[in-house]
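Participant: can you look at this prediction? I've put the sequence above it.
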Amino acid sequence: MGWGKLAFSAAGFLAGTVGVSILSSDEAKKVYTCCTAAYLRGKDKVLEVTDTIRENCDDIVADAEEIQAKHKAEIKAKEVEKAKAVLAAAEEECKAAEQAAKDAGAEPAGAAV
């Protein structure tokens, strides 16, 4: 092994040792703590926004179901009105047919003896 490779390996070992010392220092731990706290604040905010969105979606669904129920009730009422109109027309036709049958079976006016 040449001096170049040995020097390179020694430099890597030295950098690793210094790096570990830096990463485990009190200042580095403060940075990690601050970053973790910022992450937790962000996470709490995201959860809060998610809850707000979920509540809004629940409100929207409830309003939509209410509108749909009213719409169905209106359609049902229109169908009932149409059915009543058809029934009334059929009753009129029956009365007219009964009257026509009575008139056809009745004696003509002035035919009395």
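Facilitator: Good, I have the coordinates. Numbering: from 1, shown residues only.

Participant: every contact and neighbour count from this point should use C-alpha atoms.
Facilitator: Will do.

Participant: packing partners for the longest helix along the chain?
Facilitator: Residue-count comparison of every helix in the chain, with assignments taken from DSSP state H, identifies helix 26-105 as the longest. In terms of contacts (3 or more CA pairs under 8 Å, 6 or more residues apart in numbering; DSSP states H and E), helix 26-105 is not packed against any helix or strand.

Participant: how distant is that helix from the center of its chain?
Facilitator: Its chain's C-alpha centre and that of helix 26-105 lie 11 Å apart, by CA atoms, centre = their mean, to the nearest Å.

Participant: give the rounded mean pLDDT of that helix.
Facilitator: The average of the pLDDT scores along helix 26-105 is 93.

Participant: flag every buried residue along stretch 54-65.
Facilitator: Of the residues in stretch 54-65, none is buried by neighbour count under the rule 16 or more other CA atoms under 10 Å.

Participant: how close does residue 47 get to residue 87?
Facilitator: 59 Å (CA to CA, to the nearest Å).

Participant: next one: residue 95
Facilitator: On the measure of CA to CA, residue 95 and residue 87 end up 12 Å apart.

Participant: repeat for residue 43
Facilitator: The separation that residue 43 has from residue 87, given CA to CA, amounts to 65 Å.

Participant: what does residue 36 give?
Facilitator: 76 Å.

Participant: ditto for residue 5
Facilitator: Relative to residue 87, residue 5 is positioned 105 Å away (CA to CA).

Participant: next: residue 75.
Facilitator: Relative to residue 87, residue 75 is positioned 18 Å away (criterion: CA to CA).

Participant: for residue 56, same thing?
Facilitator: In this structure, residue 56 lies at 46 Å from residue 87, with CA to CA as the measure.

Participant: swap in residue 46?
Facilitator: As defined by CA to CA, residue 46 lies at a distance of 61 Å from residue 87.

Participant: cool, and residue 61?
Facilitator: 39 Å.

Participant: same deal with residue 28?
Facilitator: Summarising the geometry, the distance separating residue 28 from residue 87, computed by CA to CA, is 88 Å.

Participant: repeat for residue 35
Facilitator: In this structure, residue 35 and residue 87 are separated by 77 Å, where distance is defined by CA to CA.
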